[in-house]
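S.K.: Sharing a model that was predicted from the sequence below.
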Amino acid sequence: GVGGADGLGTVAARWAAAAVADGTVAADSALASIPGADLDGRAVLELAAQGDDDARAIAVRVGAMLARVVSVLGSMFDPQRVVVSGAISDGVDEVVAAARRSLPTDLDLPAPELVVSQLGADVVVTGAIAAAAAAARENALDIWMTRRVG
């Protein structure tokens, strides 16, 4: 039921655009007033956090999709925790709350804890820098010891 590997923000924007296009979004909804070119995942999630009912409905739907993904990961790999990260993590609280409510309780293994990364959009850069620093610390003496003093 997930349909692909698109990120949460992409899915939220696509579902919101479809809801606006097919008229299921209330005319007075802030979601309906966003021009199509500006309708992205961040805008949908910001409106959901501000209490827009139509945007909240999209966030709940995305949360249910996230719960399915977490359930599959939980049954295949038995992780203790699943971390939602990336640029979307700054405004994904509504989605994660909905996903937590949707996680099945009858799995063979316990459902993993679902948390939001505090690193935001910089998670990949932060990880790369940490890995580079660790590699430098691990190998610095090896390089120094093999150099010949001329």
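M.R.: Here it is on my side, so go on.
S.K.: From residue 36, how far out is the residue positioned nearest the centre of the chain?
M.R.: For the chain, the residue nearest the mean C-alpha position is residue 84 (4.3 Å; Cα atoms, centre = their mean). Per Cβ to Cβ, to the nearest Å, residue 84 is found 26 Å from residue 36. Backbone N, C-alpha and C define where each C-beta goes, glycine included.
S.K.: same question, residue 122
M.R.: According to Cβ to Cβ, residue 122 and residue 36 sit 29 Å apart.
S.K.: Output the below-cut-off pLDDT ranges for the chain.
M.R.: 1, 140-150 (pLDDT under 70).
S.K.: thought residue 115 was touching residue 81?
M.R.: Yes - counting by Cβ atoms under 8 Å, residue 81 is a contact partner of residue 115 at 6.0 Å.
S.K.: Give me the more crowded residue out of the two.
M.R.: With neighbours defined as other Cβ atoms under 10 Å, residue 115 and residue 81 compare such that residue 115 has more, 14 against 8.
S.K.: doesn't that one fall inside a strand?
M.R.: Yes - according to DSSP: H, G, I helix; E, B strand; the rest coil, residue 115 belongs to a strand.
S.K.: bridging residues for it?
M.R.: Counting by DSSP bridges, residue 115 is bridged to residue 83.
S.K.: which ones are touching it?
M.R.: Taking Cβ atoms under 8 Å, 6 or more residues apart in numbering, we find residue 115 in contact with 81-84, 96.
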